[in-house]
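Student: prediction below, plus the sequence it came from.
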Amino acid sequence: MFISEKAPAKINLTLDALYKRADGYHELEMVMTSVDLADRIDLLSIPSSAILLESSSGLVPQDEKNLAYMAANLLRKKMGIRRGVAIRIDKKVPVAAGLAGGSSDAAATLRGLNRLWGLGLSLRELAEIGSEIGSDVPYCVYGNTALAKGRGERLQVLPTPPACWVVLAKPTQGVSTADVFGALKVDKVKRRPKTSQMIDALYRQDYGAITRLMGNVLEPITMHMEPDVRKLKEKMYQFGADGVLMSGSGPTVFALVDRESRAKRMVNSLKGFCPQVFAVRMLGNLNKTKQNVIVQA
Ligand SMILES: C[C@@](CO)(OP(=O)(O)O)[C@H](O)COP(=O)(O)OP(=O)(O)OC[C@H]1O[C@@H](n2ccc(N)nc2=O)[C@H](O)[C@@H]1O
Ligand SMILES: Nc1ncnc2c1ncn2[C@@H]1O[C@H](COP(=O)(O)OP(=O)(O)O)[C@@H](O)[C@H]1O
């Protein structure tokens, strides 16, 4: 039997770090939404009890260190399953980008194997298992728009923003999430996102307020480590973005744009400066338009 699952990227409309916890992690509050830039996970039943994994990208581990492999292995252990599976990852989401590509692959593997193996687990149960693999996995199990608290395991579903274009640009140089959090001084943060106002704006479907309220306390830190983040932000505003923010720990920067013509112009203008540029829709908005992807450069 063969099953395919989409593993979409996420962007952070807000990311706040409230304090550093005893376990070394930061207590977070983030509003995230999924976009139509996705990996594809193919799952094929095989006669042996092995977990086989291959990916179209040389940038991710092709063995038991891959988050999709870890998800399959953990699910098997939890459910006492001996069956094997061949996992193939068609990688489209930039790696180590602040877009949760690996977490989404793990989440899609959990959803897919739940179907392939007929386990009948709920999304809540899959999210709980996923939380042992990575902070963003519980959110990625559900996808769409949500408030995530704690390390990301406490989730509240939110309305998707009004239809608009999301232009994503990933600078060539990556950053380490550990280094970014390591440089964060929570008591010295100058500007915090107003998370509750963002939630109200989402319920009101107030696009202008959403673009004004976007904020990420990690942005100034990553910007300092990777100057292209600032350059991309400036260029996106220059090309007519309504709001611009770095996603997660970065270094991907995204712009919200309400007009398709402007999104197209922005993609064409950024392509010379940045190799990975995309213009996509948010997932909850997919049915509101015919054309969902302008460019996948
Ligand atoms: C920041 C977020 C936002 O969605 O993701 P990205 O989109 O950039 O990946 C996540 O919280 C990324 O969480 P997670 O996936 O656990 O990050 P890891 O790479 O495991 O974290 C590496 C290190 O960063 C620090 N870290 C991470 C998460 C957190 N809430 N507090 C921390 O202090 C810890 O020192 C941890 O050991
Ligand atoms: N399936 C996977 N896809 C992407 N990265 C993976 C995967 N499995 C393991 N990794 C590792 O996880 C790290 C974080 O990758 P990724 O999830 O793309 O980052 P981010 O959460 O910042 O977008 C990378 O160093 C990568 O090697």
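Tutor: All right, it came through fine. Ligands and ions are numbered 1, 2, ... in the order given.
Student: how deep is the closest residue to residue 79 other than its chain neighbours tucked in, by neighbour count?
Tutor: If the residues on either side of it in the chain are set aside, residue 79 comes closest to residue 119, at 5.9 Å by C-beta to C-beta, 6 or more residues apart in numbering. For glycine as for every other residue, the C-beta is placed from the backbone atoms N, C-alpha and C. By other C-beta atoms under 10 Å, 15 other residues sit near residue 119.
Student: and the one 3 residues further on, by the same measure?
Tutor: Residues near residue 122, counting by other C-beta under 10 Å, number 10.
Student: distance of it from residue 153?
Tutor: Going from residue 122 to residue 153 by C-beta to C-beta, to the nearest Å gives 15 Å.
Student: cool, residue 126 as well?
Tutor: The span separating residue 126 from residue 153 equals 12 Å under the rule C-beta to C-beta.
Student: please apply the same query to residue 181.
Tutor: Counting by C-beta to C-beta, the gap from residue 181 to residue 153 is 17 Å.
Student: ok, the closest residue to ligand 2 within the stretch 101-250 of the chain - contacts?
Tutor: Across the stretch 101-250 of the chain, the shortest distance to ligand 2 (C-beta to the nearest ligand atom) belongs to residue 102, at 2.8 Å. Shown in contact with residue 102 (C-beta atoms under 8 Å, 6 or more residues apart in numbering): 60, 66, 67, 68, 95, 134.
Student: next structured bit after the lengthiest helix in the chain?
Tutor: If each helix of the chain is counted by residues according to DSSP state H, the longest one is helix 101-116. Sequence-wise, the next helix or strand downstream of helix 101-116 (DSSP states H and E) is helix 123-130.
Student: helices or strands next to the helix or strand following that next one in the packing?
Tutor: From helix 123-130 onward toward the C-terminus, using DSSP H and E, the following helix or strand is helix 137-142. Other helices and strands packing on helix 137-142, by 3 or more C-beta pairs under 8 Å, 6 or more residues apart in numbering; DSSP states H and E, are strand 2-20, helix 101-116, helix 123-130, strand 146-150, strand 154-157.
Student: report the buried residues of the longest one.
Tutor: Of the residues in strand 2-20, those buried by neighbour count under the rule 16 or more other C-beta atoms under 10 Å are 3, 5-18.
Student: which regions of the stretch 151-297 of the chain lie under the pLDDT threshold?
Tutor: Screening the stretch 151-297 of the chain residue by residue with the criterion pLDDT under 70, one finds the ranges 285-297.
Student: could you redo the last one with a cut-off of 90?
Tutor: By pLDDT under 90, the low-scoring segments of the stretch 151-297 of the chain are 173-174, 272-273, 284-297.
Student: could I get stretch 62-77 in CSV with only the CA atoms?
Tutor: As requested, C-alpha coordinates have been extracted for stretch 62-77 and formatted as CSV (Å, rounded to 0.1, in the frame of the first residue of the first chain):
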residue,chain,number,x,y,z
GLN,A,62,19.2,10.2,4.9
ASP,A,63,19.3,7.9,8.0
GLU,A,64,17.8,7.5,11.5
LYS,A,65,18.7,11.2,12.2
ASN,A,66,16.0,12.4,9.8
LEU,A,67,13.0,13.7,11.7
ALA,A,68,10.6,11.7,9.5
TYR,A,69,12.6,8.5,10.3
MET,A,70,12.4,9.4,14.0
ALA,A,71,8.7,9.9,13.8
ALA,A,72,8.1,6.5,12.2
ASN,A,73,10.4,4.8,14.7
LEU,A,74,8.7,6.4,17.7
LEU,A,75,5.2,5.7,16.4
ARG,A,76,6.1,2.0,15.9
LYS,A,77,7.6,1.8,19.4
